[in-house]
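**Q** here is my input; please provide its structure:
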Amino acid sequence: MLSAALHVPPEARDGSPVAVLLHGRGSHREDLQGLRGHLPTGTVLVTPEAPHPGGPWGYGPGWAWYRYVAEDRVEGGTLLASLEALDELLDGLPALLPVRPGPAVLGGFSQGGTTGLAWALTRPGRAAGVLLFSGFLVDDPSVPVDGDAGSSLEVFWGHGTKDPAIPHALAVRGRERLSRAGATVDARDYPIGHWIAPEELRDARAWLASRSGWSV
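**A** Prediction:
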């Protein structure tokens with residue numbers, strides 16, 4: 001099973017909502033634990049570590065969710081391995097947590113957000129939503145968008161208009177594909193590069209708080 005850092009706030013109870021946030025390329029499981037103070041009260045935060053070593057792919061000493069190819073394309077087998085590893089982690093959450101997990105939102109930053117979106121699309125109905133910061137929608141037959149995959153999905157997608165790593169044009173492309181498939185996309189743009197802005201965190205918190213079953 002993937003290793004993961006956990007934060008269970010004092011207010012958490014059986015049925016508390018869970019945010020499963022995935023780190024970016026070359027990072028590690030503790031990276032997004034810094035977002036715990038920006039989540040609605042009572043939210044359990046789970047931050048897994050990706051299964052692929054980043055070093056062999058030139059991504060540094062950390063970990064990766066997939067091997068990147070170009071634009072919105074990835075090596076499908078490496079992504080599918082991560083999605084299957086996430087299955088095991090999410091199925092095992094009741095045993096990992098001291099409270100019974102409630103609705104879960106998937107997402108994260110960069111590669112992590114991309115992977116969280118891919119997981120939600122390939123497991124329709126399992127995620128209460130997707131929280132995506134500066135990622136993209138994978139263009140691969142293994143990640144369907146039409147039909148049940150996208151029709152009921154709700155996504156918060158924040159992106160920097162000056163992002164040099166994942167250009168804003170890829171965000172526009174991905175949002176349009178999701179919207180055409182029937183997904184509800186809250187698209188938010190910020191005049192930043194490849195990072196998460198404070199105002200983006202405020203918007204994401206408000207979006208999460210509006211989900212059914214989330215505490216405020």
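**Q** excluding its backbone neighbours, what's nearest Leu6?
**A** Spatial nearest neighbour of Leu6, chain neighbours left out: Val46 (5.8 Å); criterion: Cβ to Cβ, 6 or more residues apart in numbering. Where C-beta positions appear, they are placed from N, C-alpha and C, glycine not excepted.
**Q** actually Pro9, not the one I wrote
**A** Pro9's closest residue in space is Gly42 (Cβ to Cβ, 6+ apart), at 6.1 Å.
**Q** what about stretch 179-192, average pLDDT?
**A** Across stretch 179-192, pLDDT averages out at 96.
**Q** relative to Asp186, how far out is Phe156?
**A** Relative to Asp186, Phe156 is positioned 5 Å away (Cβ to Cβ, to the nearest Å).
**Q** more neighbours: which of these two?
**A** Phe156 (26 against 17; other Cβ atoms under 10 Å).
**Q** residue contacts, the more buried one?
**A** By Cβ atoms under 8 Å, 6 or more residues apart in numbering, the contact set of Phe156 is 107, 129-132, 186, 188, 203-204, 207-208.
**Q** biggest strand in the protein by residues?
**A** strand 101-109 (DSSP state E).
**Q** give the next helix or strand downstream of it.
**A** As assigned by DSSP states H and E, the chain's next helix or strand after strand 101-109 is helix 111-122.
**Q** tell me what that next one is packed against?
**A** On a contact count with 3 or more Cβ pairs under 8 Å, 6 or more residues apart in numbering; DSSP states H and E, helix 111-122 meets strand 16-22, helix 76-91, strand 101-109, strand 129-133, helix 148-151.
**Q** looking at those, which is closest to His38?
**A** Set against His38 and scored by Cβ to Cβ, the helices and strands packed on helix 111-122 come closest in strand 16-22, at 10.0 Å.
**Q** so the helix or strand that the closest one is followed by versus helix 76-91, what angle?
**A** From strand 16-22 onward toward the C-terminus, using DSSP H and E, the following helix or strand is strand 44-48. Using axes from the mean of the first three to the mean of the last three Cα atoms, to 10 degrees, the inter-axis angle of strand 44-48 relative to helix 76-91 is 150 degrees.
**Q** tell me what the following helix or strand past strand 44-48 is packed against?
**A** Downstream of strand 44-48, the first helix or strand assigned by DSSP H and E is strand 52-53. With contacts defined as 3+ Cβ pairs under 8 Å, 6+ apart, the packing partners of strand 52-53 are strand 63-64, helix 76-91.
**Q** okay if I get the contacts of Phe156 as TSV plus distance to Pro51?
**A** As requested, the contacts of Phe156 are exported to TSV (distance: Cβ to Cβ, whole Å):
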residue	distance to Pro51
Gly107	18
Gly129	24
Val130	20
Leu131	21
Leu132	20
Asp186	30
Arg188	30
Asp203	31
Ala204	26
Trp207	28
Leu208	26
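**Q** low-confidence regions, this protein specifically.
**A** The chain contains residues with pLDDT under 70 at 215-216.
**Q** centre-most residue in it?
**A** Nearest to the geometric centre of the chain sits Gly107, at 1.2 Å (Cα atoms, centre = their mean).
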